[in-house]
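Peer 1: sharing a model that was predicted from the sequence below.
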Amino acid sequence: MNLNYPITYIKGISVQRATLLYTELGIKTCNDLLNFFPFRYIDKTAFYSIKELQPNSSEVQIVGKITRVKSVAQKRGSRLVATFQDATGTMELVWFKGQKWIKDSLKINQPYVVYGKLNHYNGNFSIPHPELELVTEYKKKLQTKMQPVYPSTEKLVNSGISNKLLRTYIQNLLQQFYEGIQESLSLEIIADFKLMSKREALLNAHFPKSQENLAKAQFRLKFEELFFIQLQLLRKKLINKTKNKGFVFENVGKKFNDFYSNHLPFNLTNAQKRVLKEIRKDVASGVHMNRLLQGDVGSGKTIVALLSMLLAIDNGFQATIMAPTEILATQHYHAISEMVKDMNLNVDLLTGSVRIKKRREIHANLEDGTLHILIGTHALLEDKVRFKNLGIAIIDEQHRFGVAQRAKLWSKNSLPPHILVMTATPIPRTLAMSVYGDLDISVIDELPPGRKEVKTVHRFDSNRLSVFKFMKDEIEKGRQVYIVYPLIQESEAMDYKDLMDGYESVSREFPAPKYQISIVHGQMKPADKEYEMQRFVKGETQIMVATTVIEVGVNVPNASVMIIESAERFGLSQLHQLRGRVGRGADQSYCILLSSYKLSEEGKTRLKTMVETSDGFKIAEVDLKLRGPGNLMGTQQSGVLNLKIADVVKDTQILVAARNKAIAVLQEDGNLSKPENTNIKNTYLELSKNSKIWSEIS
Ligand SMILES: Nc1ncnc2c1ncn2[C@@H]1O[C@H](COP(=O)(O)OP(=O)(O)OP(=O)(O)O)[C@@H](O)[C@H]1O
């Protein structure tokens, strides 16, 4: 018997039911079903006394006697109420249906075991429609103490596959295949972490004998799941390091040194220096760099990108930056061209709106190597874009690019160029371990000196007039202001209306010619967007009304006020990104979050968090708690988050332990060829063949 057999091998599962289980729950093989875990258990191991009951107790089991039964008339029909009592107190059992036969069957003053969901109303406890069994009967039966409850769908239930039936299937499966369940971890790991055996763990995860056994079983299975994912990610990294040769940038040469000594516009922060060292070590070592650069908004990633590119250029290579939007690519282009303007370097910009003639020129310069740095958007991925020798590819805000798109950029070379992925959306460390576990990670955890914290306040819509007044004062001082409106796809038409209405009212309040206003939104042509953007960058307009197109990376140091309309509709990391557009110069900056009075609890938490902290990593932690890992920016494409039993957020301690153990195992035995690692190797190979998550991360 093999656990890879289809579930029709399990007693009681017909082809028709197997098909349903597959379409509804994705369960195909015995192994799938074995790893389909309950999401909760009905715990019948514990008994309560009535005095112990708490308003928030959910399902409870109590032994006591029924002392009285009566029918109580109510508006529609009547209900049956039994007074139930133990040595510590009294409560009620209630029925709304089937009252006649229940009334007839209830035995007064005999001990019952009662089980059900507890209600608490007006200080009184009751259980509606309880399960009841005379103690004499209860004692005769062999009890399943903790019943598993599995996730299900309406269709399954309607087709007769109840939770009870699922339980039976899994029971049958365990009976038929128990001997075939192989240990997957080494004896050493089992001893080290005092783990249950795999068989015992699976049995107890489905049919636990006690809470304690359940906890042990879950720990073992979570550890195993995270261990093998980490093993896979780390092996991928190891293979990348040992097999993929990278270009060697031996020289820290003329351009780098010239820029560092003569053109650096400021002193690097210690964090920038450290990260640059990490990058230099990679690119000089002969292995292929695959590094994630995390830095909070405004922490100064661009300069690190530029210096890394100069390392490549000094060694005869070309460099590229790919950005997710035209605005961003253009901005990088302007910033970088400006910084290297006296250095005899050729920098160009390639986006969707570059004209054919210019495009051809870029293609030609790229192929003959005269173009040193090319900055662009997705347009870089087109087949016609061929580098002479691309040494480093920097990808800004990687979550906007698919894995396949990135791969396309790699494949433009004989050897893959060094890769630096930059993200301004901090991801909590433990999550990064999973989602980017195969990359090396650098963090810029320090802001440039002299930055003042952006003062952040929350105001209700009714305060708009005083907000306008504040804007006028700031503009008077020579500052610029952003006003951002939400744009959510589902209500796009409405949102555009809000934006245009807002624009009109701002135009009335801030009339020309004294005030000039830019507007930028996604429905505009790229060239118009760019024109409006540039007017704001050059200081020709004082106010920029926009949707979230300006969310990431836009850098206008003179802009010191960020007003966010309907702030409650934005996600936390989005708000943080938007706020990051101000506070980029030396002036005191402000962020005003405007909202209606109607706020959900989550909305309140988001706004409160923004007012309380400006630390991107802290904000990411809160966001993670509010929305779960799959919704965070930077994690959407990660199959690593579709776990069967572990939770990368809640089980961080297990995750860290599993990762450290995986590192230790690979350090000792990179190919898993030692006899003591046979179990691990077999499971690893098996998972590589069969697991969906694994194919996504390999
Ligand atoms: N070490 C430094 N000292 C002073 N100013 C700096 C330093 N590093 C960067 N800056 C300036 O800080 C601002 C933000 O830098 P940059 O645009 O590189 O940030 P970023 O990390 O890309 O942030 P975001 O992701 O928000 O765009 C720029 O105006 C830049 O010139």
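Peer 2: Thanks, I have it.
Peer 1: quick one: contacts for Phe193?
Peer 2: Neighbour list for Phe193: 223, 657, 661 [criterion: Cβ atoms under 8 Å, 6 or more residues apart in numbering]. For the C-beta atoms, the positions are set from N, CA and C on the backbone; glycine is no exception.
Peer 1: and the ligand, which of these reach it?
Peer 2: Filtering the contacts of Phe193 for neighbours of the ligand using Cβ under 6 Å from any ligand atom leaves an empty set.
Peer 1: so which of the residues you listed belong to helices?
Peer 2: Within these, residues falling in helices by DSSP state H are 223, 657, 661.
Peer 1: would you format the contacts of Phe193 as CSV with neighbour count included?
Peer 2: Converted to CSV, the contacts of Phe193 look like this (neighbours: other Cβ atoms under 10 Å):
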residue, neighbour count
Phe223, 23
Ala657, 17
Lys661, 21
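Peer 1: ok, of the residues you listed, which one's closest to the ligand?
Peer 2: Checking these against the ligand with Cβ to the nearest ligand atom, the nearest one is Ala657 at 32.9 Å.
Peer 1: wait, that closest one sits on Phe223?
Peer 2: Yes - counting by Cβ atoms under 8 Å, Ala657 does reach Phe223; the two are 7.0 Å apart.
Peer 1: show me which residues of this structure sit near the ligand.
Peer 2: 266, 268-269, 272, 295, 297-303, 424, 448, 553, 555, 557, 580, 584.
Peer 1: go again with 5 Å.
Peer 2: Taking Cβ under 5 Å from any ligand atom as the contact definition, the chain meets the ligand at 266, 269, 295, 297-302, 424, 448, 553, 555, 580, 584.
Peer 1: lowest-confidence one in the residues you listed?
Peer 2: Among these, Gly553 carries the lowest pLDDT, at 60.
Peer 1: quick check, Ala393 in contact with Gln318.
Peer 2: No - the criterion here is Cβ under 8 Å, and Ala393 misses it with Gln318 at 9.7 Å.
Peer 1: hang on, the earlier thing: and the ones in helices among the contacts of Phe193 as a markdown table, adding pLDDT?
Peer 2: Conversion of those to a markdown table gives the following (pLDDT from 0 to 100):
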| residue | pLDDT |
| --- | --- |
| Phe223 | 96 |
| Ala657 | 93 |
| Lys661 | 95 |
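Peer 1: and the next helix or strand past the longest strand seen in the chain?
Peer 2: In the chain, ranked by residue count with DSSP state E as the criterion, the top strand is strand 59-73. Heading C-terminal from strand 59-73, the first helix or strand you meet, by DSSP states H and E, is strand 78-86.
Peer 1: where do the helices sit along the stretch 501-650 of the chain?
Peer 2: 526-537, 572-579, 601-612, 616-627 (DSSP state H, counting those that start in this stretch).
Peer 1: would you put the C-alpha positions of the shortest one in CSV?
Peer 2: Spelled out, that is helix 572-579. What follows is helix 572-579, C-alpha atoms only, in CSV (Å, rounded to 0.1, in the frame of the first residue of the first chain):
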residue,chain,number,x,y,z
LEU,A,572,-1.5,50.1,6.2
SER,A,573,1.5,49.6,4.0
GLN,A,574,0.0,51.8,1.4
LEU,A,575,-0.6,54.5,3.9
HIS,A,576,3.0,54.2,5.0
GLN,A,577,4.3,54.3,1.5
LEU,A,578,2.2,57.4,0.8
ARG,A,579,3.4,59.1,3.9
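Peer 1: helices or strands up against it?
Peer 2: Taking 3 or more Cβ pairs under 8 Å, 6 or more residues apart in numbering; DSSP states H and E as contact, the helices and strands that helix 572-579 lies on are strand 559-564, strand 590-595, helix 601-612, helix 616-627.
Peer 1: closest point of the stretch 201-350 of the chain to the ligand, which residue?
Peer 2: Using Cβ to the nearest ligand atom, the single residue of the stretch 201-350 of the chain nearest to the ligand is Gly300, 2.7 Å away.
Peer 1: phi, psi for that residue please.
Peer 2: Backbone torsions for Gly300, taken as degrees, to the nearest 10, come to phi 90, psi 60.
Peer 1: how many residues are close by it?
Peer 2: Other residues near Gly300 come to 19 when the count uses other Cβ atoms under 10 Å.
Peer 1: my read is that it contacts Pro448, right?
Peer 2: Yes - between Gly300 and Pro448 a contact is recorded at 5.6 Å, counting by Cβ under 8 Å.
Peer 1: find residues that contact each of the two.
Peer 2: Among the neighbours of Gly300, those also in contact with Pro448 (Cβ under 8 Å, 6+ apart) are Thr269.
Peer 1: show me what contacts the residue of the stretch 201-350 of the chain closest to the ligand?
Peer 2: With contacts taken as Cβ under 8 Å, 6+ apart, Gly300 has the following neighbours: 268-269, 272, 444, 447-448.
Peer 1: one more time with 6 Å, if that's ok
Peer 2: Residues counted as contacts of Gly300 (Cβ atoms under 6 Å, 6 or more residues apart in numbering) are 272, 448.
Peer 1: so what's Met449 closest to, chain neighbours aside?
Peer 2: One thing to correct before we go on: residue 449 is Pro, not Met. Thr269 (7.2 Å; Cβ to Cβ, 6 or more residues apart in numbering).
Peer 1: for Leu187, which non-adjacent residue is closest in space?
Peer 2: Distances taken as Cβ to Cβ, 6+ apart put Glu676 closest to Leu187, at 7.0 Å, once the chain neighbours are dropped.
Peer 1: which stretch among the helices and strands packed on helix 572-579 comes nearest Asn257?
Peer 2: Nearest of the helices and strands packed on helix 572-579 to Asn257, taken as Cβ to Cβ: helix 616-627 at 32.5 Å.
Peer 1: hmm, who's touching the closest one?
Peer 2: Contacting residues not belonging to helix 616-627 are listed as 296, 426, 428, 572-573, 576, 602, 609, 649 [Cβ under 6 Å, 6+ apart].
Peer 1: gap between that helix and the chain center?
Peer 2: Between the centre of helix 616-627 and the centre of its chain there are 10 Å (Cα atoms, centre = their mean, to the nearest Å).
Peer 1: just to check, Cys587 is in contact with Ser560?
Peer 2: I think there's a mix-up here, since residue 587 is Asp and not Cys. Yes - taking Cβ atoms under 6 Å as the contact criterion, Asp587 and Ser560 are neighbours in contact, 4.7 Å apart.
Peer 1: and those two? Which one has more around it.
Peer 2: The residue with the greater number of neighbours, taking Asp587 and Ser560 and applying other Cβ under 10 Å, is Ser560; the counts read 26 against 18.
Peer 1: distance to Gly628 for the ones in helices among the contacts of Phe193 - can I get that in JSON lines?
Peer 2: Written out in JSON lines, the entries for the ones in helices among the contacts of Phe193 read as follows (distance: Cβ to Cβ, whole Å):
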{"residue": "Phe223", "distance to Gly628": "21"}
{"residue": "Ala657", "distance to Gly628": "22"}
{"residue": "Lys661", "distance to Gly628": "26"}
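Peer 1: so what's Gly64 up against?
Peer 2: Applying Cβ under 6 Å, 6+ apart to Gly64 gives the contacts 84-86.
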